[in-house]
Each structure stands twice: as structure tokens, then as C-alpha cells.
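> Structure for this input, please:
(one chain, ligands or ions: 1)
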Amino acid sequence: MGRAKKVVLAYSGGVDTSVCIPYLKQEWGVTEVITLAADLGQGDELEPIREKALKSGADESLVIDATASFAKDYAFAAIQANALYENRYPLSTALARPLIAKLLVEVAEQQGADAVAHGCTGKGNDQVRFDVAIAALNPALNVLAPAREWGMTREETIAYGEQFGIASPVKKSSPYSIDRNLLGRSIEAGPLEDPWMEADEDIYLLTQAIANTPNQAEYVEIAFEQGIPIGLNGESMNPVALIQSLNQLAGRHGIGRIDMIENRLVGIKSREIYETPALLVLIQAHRELESLTLTSDVTHYKRGIEETYSQLVYNGLWYSPLKQALDAFIQQTQVQVSGTVRLKLHKGNASVVGRKSSNSLYSPSLATYGTGDQFDHKAAEGFIYIWGLPTRIWSQQTRDSH
Ligand code: ARG
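A predicted model of the protein is given here:
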């Protein structure tokens with residue numbers, strides 16, 4: 001008895017997902033495998049990938065361009081949340097998984113499949129993100145993860161594939177494991193497994209080495225409407241174009257590299273390198289605009305929400321009741337977050353140098369140390385007396401008792 005009859009498999013064109021096709025049929029008795037390659041702006045040619053699935057034995061090979069939704073519904077939502085896992089990683093890979101899961105479930109439902117499948121191993125976060133997202137979207141669907149169970153080494157996997165006409169990688173395969181999409185690149189494994197070893201310069205594709213960046217600083221103005229980036233340097237842009245241009249602009253100045261030890265959900269610490277120029281600059285600019293347009297209590301309270309949000313997304317709970325509730329909070333906070341932030345890009349740094357908004361809560365007449373000061377200095381005295389009262393009483397009490 002097989003585990004499923006008709007399966008929709010998330011397909012990347014790599015060795016693992018290609019081997020999944022004959023493996024599902026031969027070992028697990030699946031009768032029909034439909035592959036689904038999602039275009040999330042990874043820059044791969046998708047027609048060869050579509051054909052490779054068929055050559056590897058897929059009964060049907062689908063390609064879906066979801067780049068626009070990825071930018072608008074996933075990346076921009078995360079920017080509104082200023083989402084940085086462990087304060088650094090802007091979740092560029094993590095954000096793609098719930099979208100791929102959604103596409104898998106939609107195709108499975110359209111095609112009447114009884115299961116979906118992915119090529120994740122048992123050591124990473126991505127398996128969790130797929131499995132939980134699929135369970136949330138359609139709890140009746142089975143999820144198959146052959147690579148989590150087959151226990152083959154890389155060489156064995158390649159040899160298994162060759163039996164079924166899956167060409168082993170032509171190029172001497174890279175020692176790294178790389179995930180790529182519109183938002184950036186995640187690089188791990190190989191020599192990077194030594195946390196003390198500096199990464200080779202040639203692993204980077206989206207960001208220049210500081211030695212090769214322009215000596216001249218460059219300015220960029222980012223416009224936001226209700227927390228959503230809508231334009232660069234005065235020009236309106238759709239979400240995908242905006243992220244692409246900003247990746248180039250910031251990457252050229254060496255902005256957007258992250259080298260970190262990260263805590264995976266499955267308990268493993270791993271060394272990760274990221275290149276996410278646009279996402280980091282957008283979060284920095286967005287946070288600055290919030291500082292200008294949100295009251296202090298909302299800004300401070302939102303920090304805690306952002307931390308929880310980032311953990312939920314990292315840990316695969318994109319479609320979960322807590323995430324939905326946090327989304328509602330975040331949306332409510334974004335109503336006034338419109339305006340423009342000006343940044344200076346230079347030698348690996350993006351620095352905010354200006355911000356403006358018609359919803360600005362910054363009051364020149366309250367802030368000024370010059371003429372026209374409207375702040376009631378006298379009122380400060382009474383305020384401080386009451387603000388400090390508990391501390392004053394505590395001090396008196398502890399002194400008296402000695
Ligand atoms: N550690 C990151 C995450 O969990 C990136 C994983 C990227 N995958 C890869 N094959 N390099 O989101």
C-alpha cells in the first residue's frame with residue numbers, strides 16, 4: 001500500500017527534489033506526481049526546470065509565478081512588522097515557505113491530489129514551515145517528505161537519481177547550500193560550518209566587497225504609504241520593481257550582508273550568511289518613519305509584538321491564530337505611517353539622514369531650544385515631583401529603617 005496516490009511536489013530543479021519524483025513512485029507507490037515550481041524572483045530560468053521535472057518522471061510539471069504576491073503579501077507585511085529574527089535576519093527564506101505551501105495546497109485541491117510533498121531534510125526550519133503551513137491551510141492533506149526519511153548521503157542520492165536518468169550536477173557542485181529569491185540569498189554549509197572561518201568573498205553575489213564600493217556616497221529617498229513602500233527617489237514603483245532596484249542600489253554600496261550564528265527551531269545552532277540589501281534598508285527606513293508618526297507608547301509596545309512576530313514567522317506559524325491577531329495589531333498601527341525617509345548609502349552603511357511626513361508627530365515648537373518655544377517649563381516641575389514620588393518615598397523609608 002502506498003502512502004498516497006496523487007501527489008503535488010514542491011520542485012526546485014535541484015538534485016534532491018528531482019530524486020523525490022522517482023523515489024515517491026518506486027519506493028512509496030505513488031501513481032501520479034505533479035511538480036510545482038514557484039517563481040519567487042530567484043532569477044532562475046524556469047522553462048528548463050519545468051522540462052527537467054518531466055525528464056525526471058513527473059506526470060505533469062507546473063510553474064507558477066508568485067513573485068508579485070511574495071513581495072506584496074509576505075515581504076511588505078514583514079517590513080510593517082520590522083521583522084528581524086534574533087534582531088538580525090530579515091526572514092528572506094522563511095517568508096517564502098508559507099507562500100509555496102499555499103500554492104501546493106491550491107494545486108492539490110484543484111487536481112484532487114491526496115498529498116503534497118517537499119524535499120526538505122529533517123534538520124532544518126523549512127520542513128517545519130511547510131508541514132505546519134500545509135496543516136493550517138488544509139489539515140486533511142498528507143505531507144510527504146522523502147528526503148527526511150530516505151537516509152541517503154549526497155553521493156547515494158545522486159546515484160539513485162542516475163538510475164532514473166536524472167543527470168548528476170554537471171558543474172562540480174558547490175559546497176554550499178544556497179537558497180535564493182527576490183529578497184536575497186541564504187548561504188550555509190561547506191567551509192561556513194566552521195564559525196571562526198571568514199566566508200570567501202566569492203560566495204556573495206548581491207553585495208559588493210567594501211573595497212569595491214564607490215567612494216562617493218549615494219542618497220536614496222524611500223516613500224511609504226501606510227507602512228508600505230511605494231516609491232524610490234520620487235518615482236512610484238510596484239513592490240517587485242522597488243525591491244529589485246533597492247537591492248541593486250544598496251548592494252552596490254556593500255550594504256546587506258549578515259554573518260550570524262542562528263538558533264534553529266529544531267535545536268541546532270547554525271552559521272548562516274545572508275545577503276538581503278533591500279529588505280534591511282526598507283526595515284531601517286520604515287522603523288524611522290514609525291518613530292516620526294507613532295506615539296511613544298505604540299512604538300515601544302510594538303517592539304515586543306515585532307519580536308514575537310519574527311519568532312512566529314521563523315518557526316513556521318505564518319498561518320496561525322496568534323500571527324493573525326498580531327497582524328491585526330500591526331495593521332492598526334500603520335494607518336498613519338506615510339511619508340518619506342532619506343538615507344545615505346556609503347561603504348557598507350545605510351544611514352538615515354532625513355525623514356518627513358504629513359502625519360508627523362514631531363513638534364518644532366515643543367522641541368526647539370531657540371525662539372518660539374511653546375513647552376511649559378513650569379509644568380515640568382510638578383510632573384517630575386509626582387513622577388519621582390514613589391522613588392522619593394522608597395528612599396525615605398529605606399534610610400529611616402537603617
Ligand atoms: N536559516 C535560514 C532559515 O531558516 C535559511 C535557510 C536557507 N536554506 C538553505 N538551503 N540555505 O530561514
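
> so for the longest helix along the chain, what's the average pLDDT?
Using DSSP state H to define each element, the chain has its longest helix at helix 296-314. Averaged over helix 296-314, pLDDT sits at 98.

> cool, and stretch 146-154?
Mean predicted lDDT for stretch 146-154 stands at 93.

> buried residues in stretch 99-115?
L99, I100, A101, K102, L103, L104, V105, V107, A108, A113, D114, A115 (16 or more other Cβ atoms under 10 Å). Just so you know, the C-beta spots here come from the backbone N, C-alpha and C atoms, and that holds for glycine as well.

> Is the third one located within a strand, as I assumed?
By that I understand A101. No: going by DSSP: H, G, I helix; E, B strand; the rest coil, the assignment for A101 is helix, not a strand.

> need the contact list for it.
Neighbouring residues of A101 by Cβ atoms under 8 Å, 6 or more residues apart in numbering: R129, F130, A133, I134, L137.

> among the buried residues of stretch 99-115, which two are most distant?
Spanning the widest gap among the buried residues of stretch 99-115 are L99 and D114, at 22.4 Å by Cβ to Cβ.

> Got the phi and psi for K344?
The phi/psi pair for K344 (degrees, to the nearest 10) reads phi -110, psi 120.

> For it, give me its contacts.
K344 sits in contact with A217, E218, Y219, A350, S351, V353, where contact means Cβ under 8 Å, 6+ apart.

> Looking at the buried residues of stretch 99-115, which one is closest to D200?
I100 (29.3 Å).

> Poorly predicted segments of the stretch 51-200 of the chain, please.
Applying pLDDT under 70 to the stretch 51-200 of the chain flags the ranges 170-173.

> go again using 80 as the cut-off
Applying pLDDT under 80 to the stretch 51-200 of the chain picks out residues 168-173.

> what does it put close to the ligand?
Within the stretch 51-200 of the chain, the positions near the ligand by Cβ under 6 Å from any ligand atom are T93, A94, N125, S177, I178, D179, S186, E188.

> List of residues touching the longest helix of the chain?
With Cβ under 8 Å, 6+ apart, helix 296-314 has contacts from 78, 81-86, 89, 91, 94-95, 125, 265, 290-291, 294, 318, 320, 322-323, 326, 329-330, 333.

> got the CA positions of it in PDB?
The C-alpha trace of helix 296-314 is given here as PDB (Å, rounded to 0.1, in the frame of the first residue of the first chain):
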ATOM      1  CA  SER A 296       5.800  56.700  22.000                       C
ATOM      2  CA  ASP A 297       3.600  54.100  23.800                       C
ATOM      3  CA  VAL A 298       2.600  52.500  20.500                       C
ATOM      4  CA  THR A 299       6.300  52.500  19.300                       C
ATOM      5  CA  HIS A 300       7.500  50.900  22.500                       C
ATOM      6  CA  TYR A 301       4.700  48.300  22.700                       C
ATOM      7  CA  LYS A 302       5.100  47.400  19.100                       C
ATOM      8  CA  ARG A 303       8.700  46.300  19.700                       C
ATOM      9  CA  GLY A 304       7.500  43.400  21.800                       C
ATOM     10  CA  ILE A 305       5.000  42.400  19.100                       C
ATOM     11  CA  GLU A 306       7.700  42.600  16.500                       C
ATOM     12  CA  GLU A 307       9.900  40.200  18.400                       C
ATOM     13  CA  THR A 308       7.000  37.700  18.800                       C
ATOM     14  CA  TYR A 309       6.000  38.100  15.100                       C
ATOM     15  CA  SER A 310       9.600  37.400  13.900                       C
ATOM     16  CA  GLN A 311       9.700  34.200  16.000                       C
ATOM     17  CA  LEU A 312       6.300  33.000  14.700                       C
ATOM     18  CA  VAL A 313       7.400  33.500  11.100                       C
ATOM     19  CA  TYR A 314      10.800  31.900  11.700                       C
END
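
> Export the contacts of A101 to a markdown table and append columns for neighbour count, distance to R342 and secondary structure.
Output for the contacts of A101, formatted as a markdown table (neighbours: other Cβ atoms under 10 Å; distance: Cβ to Cβ, whole Å; DSSP: H, G, I helix; E, B strand; the rest coil):
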| residue | neighbour count | distance to R342 | secondary structure |
| --- | --- | --- | --- |
| R129 | 27 | 36 | helix |
| F130 | 24 | 40 | helix |
| A133 | 24 | 38 | helix |
| I134 | 24 | 43 | helix |
| L137 | 19 | 41 | helix |
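
> Most widely separated two among those?
R129 and L137 (12.2 Å).

> Fine by me, we can end here.
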